[in-house]
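Colleague: I would like to see how this sequence folds:
(4 chains)
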2 protein chains.
Amino acid sequence: MARTGRRPGGGSGTQEAILDAARAAFSESGYDGATIRGIAGKAGVDPALVHHYYGTKEQLFVAAMELPFDPSSVLPAILEPGLDGIGERIVRLMVTIWDSAGDYNPFAALLRSAMTQEKAATMFREFATRAIFANVVKAIDADRPELRTGMVASQMAGLIMTRYLLKLPAMVQATPDELVAGIGPTLQRYLTAPLDLPSG
Amino acid sequence: MARTGRRPGGGSGTQEAILDAARAAFSESGYDGATIRGIAGKAGVDPALVHHYYGTKEQLFVAAMELPFDPSSVLPAILEPGLDGIGERIVRLMVTIWDSAGDYNPFAALLRSAMTQEKAATMFREFATRAIFANVVKAIDADRPELRTGMVASQMAGLIMTRYLLKLPAMVQATPDELVAGIGPTLQRYLTAPLDLPSG
DNA sequence: CGTTGAATTCAACAGTCGATGACTTAAGGA
DNA sequence: TCCTTAAGTCATCGACTGTTGAATTCAACG
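Modeller: Predicted structure coming up:
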């Protein structure tokens, strides 16, 4: 927070315009695909100005990746009501956010970039581990909390990937309610049900 | 089939060496990240030779993406035994293939490239739809077969993404048996259990 | 031997990228 | 008025890209 201090919504300042253009470009094309020239063009400024404000391309990337919402403020809303129905709450929140955010969201940029950029993958891994994993693991009241959280992450990553990035027709056409009803129970089981793991 | 006619294993011919290097490069860096010069270097040839054999970079990409196994020959092995235990069979097969294939496999290349390259995304979508989706959908003996198959795809995509591409520690450390026991039932439910969808 | 034809290399073109440094413009304070 | 400082532009550098056409090697054939 206290970030992007000026205007809450669009921001007409030059620096904010650059950041917005950067977010859009990184989200669409990933780190490598996005170009400083393209970002500057979309922001209506000279490419040199981007360097003037943010230094290197990598620094611009991390500046643009500042999340528009605070994970530590949305997580409690999911965890606090308790483990009952938590699976469906997770799916509904994620689908709601992504359906409304379009593609211009830092998560898409991070995911796309993390597929080919080792540094972006590390950023994503560390963020996911520190800001999300740790809190979820603590809330789990069962054995193997890390494995359970990992499986939840895998299902959520797959949902996002197939619906919003790869755009598989079957997943794009599904309604939010259908996804909640279909995938919610999976997360619920990952988080609370006995696992029946191989003896070891 | 009838492809890469020469040697079944490594192939020492120059063209095969180029294809191998191309697969490795595309798998590691995606379509944009991989360079013809880098591929030629790894294959020990001049960059111009790559063009001589395969034309453009895009043609080299599709040539390198010829799958090392035939989906229509491995799918029956999963579907034929019937729906009983099909969830666990799917997970075990996927994990086995990917654990042994390392990163040098066309699927990784397609997935990585599809995240940022629209053309690669279309390739992947069409392949998945035609070679896998269609057959699985036919085998399902329940309502909403497309949605069910889509959810299976989402969980499998997420498993592959978190374990092999993003390398989330919790998913990397899990043993194949643990993944089969944990995720198998999810697929089983997606494919066979009543869905309890919202009335619509 | 000379010749053919394929396999392969060399050198270069045209383009794009990130980045740099010098330059201009405008504003504000003393 | 002079100075300082930030905002912004311009031209350019060096590196790397995909691609091309001419030149070269080299084995096989007659």
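Colleague: and the residue of chain A closest to DNA strand D?
Modeller: Minimum separation of chain A from DNA strand D (C-beta to the nearest atom of the strand) falls at A:Ala48, amounting to 2.9 Å. (Each C-beta comes from the backbone N, C-alpha and C, glycine too.)
Colleague: could you check the distance from A:Gly85 over to chain B?
Modeller: 14 Å (C-beta to the nearest C-beta, to the nearest Å).
Colleague: what's the local residue count around that residue?
Modeller: A:Gly85: 11 surrounding residues under other C-beta atoms under 10 Å in any protein chain shown.
Colleague: could you say which helix or strand contains the residue of chain A closest to DNA strand D?
Modeller: Secondary structure from DSSP states H and E places A:Ala48 in helix A:47-54.
Colleague: please see if that helix touches DNA strand C.
Modeller: Yes - judged by C-beta under 7 Å from any atom of the strand, helix A:47-54 comes into contact with DNA strand C through A:47-48, A:51.
Colleague: domain parsing for chain A?
Modeller: Domain assignment for chain A by automatic domain parsing gives A:12-64, A:71-192.
Colleague: redo these as TSV? Include distance to B:Phe124.
Modeller: Shown next, in TSV, are these (distance: least, C-beta to C-beta, whole Å):
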stretch	distance to B:Phe124
domain A:12-64	16
domain A:71-192	7
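Colleague: a markdown table for those domains, including mean pLDDT and distance to B:Leu147?
Modeller: Shown next, in a markdown table, are these (pLDDT from 0 to 100; distance: least, C-beta to C-beta, whole Å):
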| stretch | mean pLDDT | distance to B:Leu147 |
| --- | --- | --- |
| domain A:12-64 | 93 | 27 |
| domain A:71-192 | 92 | 6 |
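Colleague: re earlier: quick one: is the following helix or strand past the helix holding A:Ala48 near DNA strand C?
Modeller: Using DSSP H and E, the next helix or strand after helix A:47-54 towards the C-terminus is helix A:57-64. Yes - Helix A:57-64 lies within reach of DNA strand C by C-beta under 7 Å from any atom of the strand, at A:57-58.
Colleague: next, the angle from the helix holding A:Ala48 to helix A:57-64.
Modeller: 60 degrees (axes from the mean of the first three to the mean of the last three C-alpha atoms, to 10 degrees).
Colleague: got a list of contacts for helix A:47-54?
Modeller: Contacts to helix A:47-54, defined as C-beta atoms under 8 Å, 6 or more residues apart in numbering or on different chains, come from residues A:14-15, A:18, A:36-37, A:39-40, A:43, A:60, A:63.
Colleague: same thing but 10 Å
Modeller: A:14-15, A:18-19, A:21-22, A:35-41, A:43, A:45-46, A:56-57, A:59-64 (C-beta atoms under 10 Å, 6 or more residues apart in numbering or on different chains).
Colleague: and whichever residue of chain A sits closest to chain B, what is it in contact with?
Modeller: Residue nearest to chain B within chain A (C-beta to the nearest C-beta): A:Gly158, separated by 2.5 Å. Going by C-beta under 10 Å, 6+ apart, A:Gly158 touches A:166, A:171, A:183, B:151-162.
Colleague: nearest to B:Gly82 among the residues you listed?
Modeller: Among those, B:Val152 lies closest to B:Gly82 (C-beta to C-beta), at 16.2 Å.
Colleague: pull out the buried residues from the longest helix anywhere in chain A.
Modeller: Using DSSP state H to define each element, chain A has its longest helix at helix A:14-33. Residues A:15-33 are the ones in helix A:14-33 that count as buried (16 or more other C-beta atoms under 10 Å in any protein chain shown).
Colleague: do the same with stretch A:31-49
Modeller: Buried positions in stretch A:31-49, judged by neighbour count with 16+ other C-beta under 10 Å: A:31-34, A:36, A:38-40, A:43, A:45.
Colleague: for it, list the C-alpha coordinates in CSV.
Modeller: The C-alpha coordinates for stretch A:31-49 follow below in CSV (Å, rounded to 0.1, in the frame of the first residue of the first chain):
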residue,chain,number,x,y,z
TYR,A,31,8.8,-10.1,-19.9
ASP,A,32,10.7,-10.9,-23.1
GLY,A,33,7.9,-10.2,-25.5
ALA,A,34,7.2,-6.7,-24.1
THR,A,35,9.5,-3.9,-25.3
ILE,A,36,10.4,-0.6,-23.8
ARG,A,37,9.7,1.1,-27.1
GLY,A,38,6.2,-0.4,-27.2
ILE,A,39,5.5,0.5,-23.6
ALA,A,40,6.7,4.1,-24.2
GLY,A,41,4.6,4.3,-27.3
LYS,A,42,1.4,3.1,-25.6
ALA,A,43,2.1,5.6,-22.8
GLY,A,44,2.8,8.4,-25.3
VAL,A,45,6.3,9.2,-24.2
ASP,A,46,9.9,8.8,-25.4
PRO,A,47,11.5,5.4,-24.7
ALA,A,48,14.3,7.2,-23.0
LEU,A,49,11.9,8.6,-20.4
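Colleague: in chain A, which residue is closest to the centre?
Modeller: In chain A, the C-alpha nearest the mean C-alpha coordinate belongs to A:Phe107, at 3.1 Å (C-alpha atoms, centre = their mean).
Colleague: hang on, A:Thr35 packs against A:Ser29?
Modeller: Yes - between A:Thr35 and A:Ser29 there is a contact at 8.3 Å, judged by C-beta atoms under 10 Å.
Colleague: spit out the residues that contact those two alike.
Modeller: Counting by C-beta under 10 Å, 6+ apart, no residue touches both A:Thr35 and A:Ser29.
Colleague: now A:Ala142, nearest residue through space, not along the chain?
Modeller: The shortest distance from A:Ala142 to any residue other than its chain neighbours is 6.3 Å, reached at A:Thr192 (C-beta to C-beta, 6 or more residues apart in numbering or on different chains).
Colleague: what's the neighbour count on the one you found?
Modeller: Using other C-beta under 10 Å, A:Thr192 is surrounded by 15 other residues.
Colleague: sorry, back to before: helices and strands around whichever helix or strand comes after the longest helix of chain A, which ones?
Modeller: Sequence order places helix A:36-43 as the next helix or strand after helix A:14-33, per DSSP H and E. Helix A:36-43 sits against helix A:14-33, helix A:47-54, helix A:57-64, with contacts defined as 3 or more C-beta pairs under 10 Å, 6 or more residues apart in numbering or on different chains; DSSP states H and E.
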